[in-house]
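Enquirer: model the structure of this input:
(chains A, B, C and D)
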Protein chains: 4
Amino acid sequence: MSFQNPVFIPGPTNMPECLRRACDMPTLDHRSSLFAEILHPARDGVRQVMKASDAEIFIFPSTGTGGWETAITNTLSRGDTVLAARNGMFSQKWIDMCQRHGLNVKIVEAAWGEGIPTDQFEEILTADKNHQIKAVLATHNETATGVLSDIAGVRAAMSAAQHPALLFVDGVSSIGSMDFRFDDWGVDVAVTGSQKGFMLPAGLGIAGFSRKAMDAAKTAGLPRTYFDIRDMSKGYAANAYPYTPAVGLLNGLKLACGMLLDEGLDAVFARHARIANGVRGAVEAWGLELCAVRPELYSDTVSAIRTPEGFDAGRIVSHASQNYRVAFGVGLGLVAGKVFRIGHLGSLTDVMTLSGIATAEMVMADLGLDITLGSGVAAAQEIYRSTAAPMVLAAE
Amino acid sequence: MSFQNPVFIPGPTNMPECLRRACDMPTLDHRSSLFAEILHPARDGVRQVMKASDAEIFIFPSTGTGGWETAITNTLSRGDTVLAARNGMFSQKWIDMCQRHGLNVKIVEAAWGEGIPTDQFEEILTADKNHQIKAVLATHNETATGVLSDIAGVRAAMSAAQHPALLFVDGVSSIGSMDFRFDDWGVDVAVTGSQKGFMLPAGLGIAGFSRKAMDAAKTAGLPRTYFDIRDMSKGYAANAYPYTPAVGLLNGLKLACGMLLDEGLDAVFARHARIANGVRGAVEAWGLELCAVRPELYSDTVSAIRTPEGFDAGRIVSHASQNYRVAFGVGLGLVAGKVFRIGHLGSLTDVMTLSGIATAEMVMADLGLDITLGSGVAAAQEIYRSTAAPMVLAAE
Amino acid sequence: MSFQNPVFIPGPTNMPECLRRACDMPTLDHRSSLFAEILHPARDGVRQVMKASDAEIFIFPSTGTGGWETAITNTLSRGDTVLAARNGMFSQKWIDMCQRHGLNVKIVEAAWGEGIPTDQFEEILTADKNHQIKAVLATHNETATGVLSDIAGVRAAMSAAQHPALLFVDGVSSIGSMDFRFDDWGVDVAVTGSQKGFMLPAGLGIAGFSRKAMDAAKTAGLPRTYFDIRDMSKGYAANAYPYTPAVGLLNGLKLACGMLLDEGLDAVFARHARIANGVRGAVEAWGLELCAVRPELYSDTVSAIRTPEGFDAGRIVSHASQNYRVAFGVGLGLVAGKVFRIGHLGSLTDVMTLSGIATAEMVMADLGLDITLGSGVAAAQEIYRSTAAPMVLAAE
Amino acid sequence: MSFQNPVFIPGPTNMPECLRRACDMPTLDHRSSLFAEILHPARDGVRQVMKASDAEIFIFPSTGTGGWETAITNTLSRGDTVLAARNGMFSQKWIDMCQRHGLNVKIVEAAWGEGIPTDQFEEILTADKNHQIKAVLATHNETATGVLSDIAGVRAAMSAAQHPALLFVDGVSSIGSMDFRFDDWGVDVAVTGSQKGFMLPAGLGIAGFSRKAMDAAKTAGLPRTYFDIRDMSKGYAANAYPYTPAVGLLNGLKLACGMLLDEGLDAVFARHARIANGVRGAVEAWGLELCAVRPELYSDTVSAIRTPEGFDAGRIVSHASQNYRVAFGVGLGLVAGKVFRIGHLGSLTDVMTLSGIATAEMVMADLGLDITLGSGVAAAQEIYRSTAAPMVLAAE
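Expert: Residues are numbered from 1 along each chain as shown, chains lettered A, B, ... in the order given. Predicted structure coming up:
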C-alpha cells in the first residue's frame, strides 16, 4: 500500500487526478486535425502563463534540461561568450552544458543561498563594450537552495549597460507557481518543464522564444536536430510535429494551463505563497534556518532548510522515506548534507502540507534533533487558519 | 482542485488506487467463463476475511442495508420474534427493518456509548423457554458511536441459555478492519459491505451464511426475489448470477481480499489499532472524551468524540468541509450535535491521519473551543513515532 | 491481452472511457453538499431521457431486477392481481417475482418472437369490471428475443377498457436507446438499469414513478426496506440517501444522461437504428431469420438470430469466445439453442459492428453452417456507406 | 463519442489498458530506491527484446529521433563519414540529421519500395581501404514504404569487406514486433521508441550500445548534453538519472517488456505475421499492390498500399477519418499521394483488423475505386480462420 502519502519533493509534484487523466489518453492520430486542437491550445496556454504576448512556444518530448539545450543550440555558435552566475546546482549544470557546447562562459560566483548578483552583472556587461557576451543566463528559482532571483533586476542591469545580449531564464521551478513576466522582463528565452508548476509527469521540455531569439536562430551555428526550433516551427504551421509528439502530455498541458488561468495566476501565486508561509513558519518554530539568506530571496515553491552543524541532513530524507514513506528532497552539490528540502509547489493543500510538517518533526525527533513535536505544526496552523478561504459551491 | 485531502468519514473510506483500477474494468461477458475467475475468488476471499471455514458467501449489487435484508428475509417468517439491542443509529435501523417486515422485535435499550448488554441478553434468552426468539441481532461495531460490542459474549449468552436462535451480526464497519470470527463466535449470518474494510466504492451487500442459516432459508416465509439466496446459489453453481452482476466491484473485492490476506489479517488489525491509538491520543490531549464509555468498547475504525455541552458538534463537520475541504462524520440520532466522528479505517497512514488531527484542531480553534494547536498532533506523533515500522524494500 | 475486442452482448455494453472515468471517482462524502450536485442532476437527466415531465426518479444500488421489485413492492399488496404477457425470458422472470410476492398474475401467453398481444389485453381489461387488476406489466424490449412491444398500444388497450390499473414498463433494454415516452404513454412505473442504454457498469436499478404510482405507495402493503421509495424520497429531500449511495455510478449516470441529451435523443435513436439495420442486413445476407417475427417488432438494441434446425446455436457463442475472444449472447429459456444474439446498443460504431459481423461469419463457417464469408459484411457495408455522416470538427 | 475505433497507423499503436495504467503512475520520488525497481528492469527488458546479451541500454525522455541523435552524437566527430541508403522517408531523415551535425554522408540511392542494397554496401565498404567510413546506418523497417531490410545482410557485407565501421540500426518500427538480433547481427547501436512494438505512448527514445560503441563514446567529438550517454551511465550507477526521468513511461516499458517476454518473442512475431498476412490477403483480393516490391521485403508492422495511377491516395486517409473515424497512414515523401498505409503492429487482434479492412473497402468504394465490398474481408477471414488459436483459460 504505497503512494498514499503526498510527496514533498520540489517536483515532480503531486498531480491532480484530472491532469493524470488528461495525459492518459487513448491513441490519437497525431497527423489528424484532432491533434491541432491539442497542440495550439497548449502552446497558447503556456504563452499566457508565461505572460508572453507573442513569444513562440516550443514543446519537446524532453525535460527542462532539453529546454536549456533548445535555448543554447538554437541561438548561439561555437566560441560565443555567455554570462552566468553560479549560486546552486541548477545554475551550475546549465553552465556545464554551455561549456560542453564550446561556449565561453563568464561565471560570476555567488554564495549558495544568495541570488543572482545583479550589480556584478551590470559591471561586467558595462565593461563588455564590444558586446562579446551574446547571452545572459539566469536561473529564476534555484531549486537546490530555494532561492528566487530578481529577473527584473537582471534586465535592469542589462538596460543600464545598454547591452544587446539575449536574456535566457530558467523558470523550471517558478513558471506556473510564482510570478513570471516574459514581456515585462524582456526575456528572450524562457525554459520550463511539465513536472513543476504544471503539475504533470515529467516528459516535456518547454521553451518560449522572443522575436529577437527567433532571429538569432537563423544564424546560430551550433548543430541540432532533435531540438531544432526551425523544424518545430515548420511542423506547427501544418498542425504537426517533426516527429511523434507526446500527445497525452500535451493534452495534459492544455488542461493544466486552463486550470491555472481559470483559477487566475494571481490566485495561483497567492496559493503558493500561503502554503510556503506555513512551511516557513514551521521552520522558524523549529529554530532552524533556510538556506536562502534573506526573506526577499525566499522561494514559494521549495524551502531548503539548514540542519545543525555536524548533522547529516541526508538522514532526514532517508529516514522519512524508510519510516514514514514520505519523500523530501536531499541537498545537492555544495549544500549536500547541509540542507534538506521541502517542496511545496503544484497540487498541495494546507491540510496536506501539515502532514509533511508533522512528518518532518517526527523524523527530526527520531534522529535526535532538538525539536518540540507539534511546534512547527502549530505555527503553520496559525498561518493557515488566519488565511483560510471558505469554499464557494458551484451551486451557490 | 478538489479531492486532494483524505476523507475522515467512517466509510466509504479512502481507496487505494489499485482497488479503484480493479473496479474500473472494461466490459466482460458475465456469462463467460472469465466471470467465474472473478466471482469465486472474491467469495473465497471474503470467507477467509470473515474467518469462516465453510460459510456460503452471497454478494449482491446493493449495500450493507441490503445485507441486513438478505439476512432477515431468507431466514425468517412474518410474526417471528427477534432479539436486538438498541445502542446507536445502525442497530436502530436494523430493528426498524425487522418491524417493517412484520417481525416482532424484542428490544433491549442501552445507552448510546455502551455495547450490547450480554447479561440482559442471557436473561431474556434463558427466559424464552419456548424458543420464540428465532434470531439474535448484534451490531458488532456501532458506527454512530464508535462502540465495538462483544460478539463472543453474545454467543456465550446464547450458549449459557442453551438457546437455538440464529445469530446475525452486522459487521459492516468491522469486518476487514477489526477481528471478526465467524466460526469461533458461531455466527449464522454476517453482514458487511464493500465500502469499509474492503476499501472499495459502495455497491456491494455481502452476507455470509452458516449451514444452519442455509437450512432456515428453506422454510423462511418472508417474500423476496432480489435478495433471494436460493437464486443466487443456483447462479453460483453455474458460475453465474441471477441478474447482471457488478463485475468491476467483484473484481475489486477479489483484489481487496487478496491484499488483506497478503498483509495478514493480524497485521491489518494492528495497523488499524495503531492509527486509532493516535487519534485517541489526540482526543485525550484535547481534553475531550469519546462517546464510547470504556476502553474495551473503543472502536479501531471510528471515534465519536463528544464536544462540550452547549456546543453544536455539527459545526465542526461543516466548518471543516467549508474551510479546509476535509470530511469528518456528523453525529446521528440521539448523539446528533453532541459528537463528531473521525473515521480511521481502510487505506490510511499515520501521516495522513496527522493531517486529519491537525485539521480538527484548526476547526475547533476557529470555532472557539479551548484547544491548544498542535497538542493533539504531538500526542499522536509520539504514538506513531514509537510504533513506526521501517519499510522493507522488495529488492532487499 | 484480453479486452481488446468489443463485446456484442445485449448489455452490459461497451463503455465510453469518459463514462468509466466518471464512475471511477475518489471518495466523496455523501453527506456533504457535493453529493447533491451529483444526485439531482442524475435524476433530472433520467427524467428527461424517459420523457417524463414530472416523474419521481428513484435510483438504487441494485440492477433492473431491483427496479422490478421497487415497482411491485411499493405499489401493491399481497393478493393483488396483475396482468402480464409471457413472450420471453424477462417477462417470464418478472411474472415469477410477482408470484413470489404473493400476487395473483393473470398471464397471457404469447409466442417467443411475438410482442405483447394488446388486443387480448384489451379484452381482459374490459372484462375486469371490478377492477381486480391493479397493475399491467409490460416488457418494452424483450432482450431474450429481440422483440420491441407496443407500449402505446398497451395504454390504448387500457384506455379503451377505461381501466384504472397502473402501467408498469420494463424499459431496461430500451430506455436511452429506443424511443420511450413516459408521459405520452401514461406509464406509471418505468424500470431500467445502468448497464444498457446508459453505457455504464451494472449496479444501478432505476425507476420512474408517476404521481398515481406515488399515491399507490402510501397504501401498498408489501414489506420493503431496501427498495422503499418513502425512505428514498425522504433522503432526496435532504440531498441524501437512506444508506450509502453508489456515488461513482451516480456520477456516471449524470454524465451519461448529459451525453445522450447533448447528442439529442432522436439522434441517439437514429444511431441505434442505423447500427441495427446493418446487423439485420447481414442476417438477411446470411439467409437466416430473426426471432422477432415481423419488422415492426425488430429491436434496435439486440437481434436474436435463429440458426438452422438441428444446429445448437449455443456453439456459436462458445466458439466465438474461444477462438476469437468475441462475446455474443446465448439463447435463453424457450429459445435456448435455437438463437444466438448480437447486442448492438450503447457505445458502438459502424466500424466496430462490422468486426462483430465478420466474426459471426467466421464462427458460422468454422461450425459448418452454409455461410459465404464477407456476405454479411458486404450487406452491412452498403447500409453503413449510404448512411455515413461526415464528422464535423469542433474547430470548423 | 470519439476514440471508439482502433487506429491503423503505424504507431503510436493501440495501447493495452494495462500499459496505459502502468504509465499513469502517481508521483514517485525518482531519487528514492523505488525508482531503481523500475529503471533497471525496464533496461533489462529492452535488452532481452533486442536479443542483446550485454548491450548498454539508454532511455531518454524523447522519441526515436532522439535515439538517432544519441547514436550519432555519442560516437562520431564533425567531419566523419557515414554510409547510408536512402529508400524511404525515415532513412532520408536520418541522413539529414547526420548532415546537420557536420558529418559526411555517403548516400546510396534505392527505389522507395526496395530494401537496403547490401551488395552496393559491400562494394563501397570494400573500396574504403582507409576506413574513412566510421559508421553504417541502416533502417531496419522503412515505416514509409513497409519495407523490411536485411540487417544480417548488411553485417555480412561489412564482414566481407572486413570493415571496422560501427553498425547503427533504426529499429523503431521493428523492435518488439519483428525479429531483431542485436548480438547475432553485430549491431553497435540499435535505436527505437516507446510507441511502436512496446505499445506505449510516445515519449521515450531508446538506444542499445555495444561495447565497441561505448568505446567510441570516449572520443566522440560532437557536442551533446541532453543525449550524453556518459551522464546517463553515471546516473544509472547510482540508480538515478541526470535529470528528471519519465517515471511512468519507464514503468510502462518495464511492463511492456514483461508482457512481450511472457508471451514469448517468437509468439509475438508470429502474431504480427498472422495479422499482417490477413491485411496482405485483403490487398491482393482488392487487386492492389504493396509498395514493397518483393515478398521477402514485406513488413509485418505496416503495409503501404499503392493506389491506381491518377488517384490521390491521401483521399483515402482523409475520407476514412471524416466518414468513419478510422485513422490510416498517409504516404510520405516520394510516395505521398501514391500509397496509403495500414499499420498493423502492437495491440491488435484479427477481429479488430477485420474492421480496418472493412473500413478501407467502404472508403475505396465511396471514392469510386473498383473494389468489391467484402472481398478483402473474406480473404482475411480465410487466413484468420485457418490460423485461429483457441483460448486456453487460466483455470483449465
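Enquirer: so the closest residue to chain B within the stretch 51-200 of chain A: helix, strand or coil?
Expert: Relative to chain B, the nearest point of the stretch 51-200 of chain A is A:Met199 (9.3 Å; Cβ to the nearest Cβ). C-betas here are computed from N, CA, C, even on glycine. Look at A:Met199: counting by DSSP: H, G, I helix; E, B strand; the rest coil, its state is coil.
Enquirer: which residues touch the residue lying closest to it once chain neighbours are set aside?
Expert: Nearest residue to A:Met199, sequence neighbours excluded (Cβ to Cβ, 6 or more residues apart in numbering or on different chains): A:Gly346, at 4.3 Å. Listed by Cβ atoms under 8 Å, 6 or more residues apart in numbering or on different chains, the contact set of A:Gly346 reads A:11, A:13-15, A:177, A:196-197, A:199.
Enquirer: equivalent analysis for A:Ser303, please.
Expert: By Cβ under 8 Å, 6+ apart, the contact list for A:Ser303 reads A:146, A:276, A:279-280, A:283, A:290, A:292, A:341-342, A:344.
Enquirer: so which of the residues you listed sit within helices?
Expert: Using DSSP state H, A:276, A:279-280, A:283 are the members of these that sit in helices.
Enquirer: need phi/psi at the residue minimising distance to the centre of chain A.
Expert: Against the mean C-alpha coordinate of chain A, by Cα atoms, centre = their mean, the closest residue is A:Ser173 at 1.3 Å. Dihedral angles of A:Ser173 (phi, psi; degrees, to the nearest 10) stand at phi -110, psi 20.
Enquirer: my guess is it meets A:Asp300, correct?
Expert: No - taking Cβ atoms under 8 Å as the definition, A:Ser173 is not a contact partner of A:Asp300, at 10.1 Å.
Enquirer: and the residue of the stretch 51-200 of chain A closest to chain B, what does it touch?
Expert: Applying Cβ under 8 Å, 6+ apart to A:Met199 gives the contacts A:13-16, A:19, A:256, A:346-347.
Enquirer: thinking again about what came up before, just put the contacts of A:Ser303 in JSON lines and tack on neighbour count.
Expert: Formatted as JSON lines, the contacts of A:Ser303 follow (neighbours: other Cβ atoms under 10 Å in any protein chain shown):
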{"residue": "A:Gly146", "neighbour count": "32"}
{"residue": "A:Ala276", "neighbour count": "25"}
{"residue": "A:Val279", "neighbour count": "29"}
{"residue": "A:Arg280", "neighbour count": "24"}
{"residue": "A:Val283", "neighbour count": "21"}
{"residue": "A:Leu290", "neighbour count": "23"}
{"residue": "A:Ala292", "neighbour count": "25"}
{"residue": "A:Arg341", "neighbour count": "27"}
{"residue": "A:Ile342", "neighbour count": "24"}
{"residue": "A:His344", "neighbour count": "28"}
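Enquirer: output these as a markdown table; include the columns distance to chain C and pLDDT.
Expert: Putting the contacts of A:Ser303 into a markdown table (distance: Cβ to the nearest Cβ, whole Å; pLDDT from 0 to 100) gives the following:
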| residue | distance to chain C | pLDDT |
| --- | --- | --- |
| A:Gly146 | 31 | 98 |
| A:Ala276 | 26 | 98 |
| A:Val279 | 25 | 98 |
| A:Arg280 | 30 | 98 |
| A:Val283 | 31 | 98 |
| A:Leu290 | 34 | 98 |
| A:Ala292 | 36 | 98 |
| A:Arg341 | 28 | 98 |
| A:Ile342 | 25 | 98 |
| A:His344 | 22 | 98 |
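Enquirer: so which of those residues are also by chain B?
Expert: Among the contacts of A:Ser303, no residue lies close to chain B (Cβ under 8 Å from any Cβ of the partner chain).
Enquirer: of the residues you listed, closest to D:His131?
Expert: Relative to D:His131, the closest of the contacts of A:Ser303 is A:Arg341; by Cβ to Cβ it sits at 51.5 Å.
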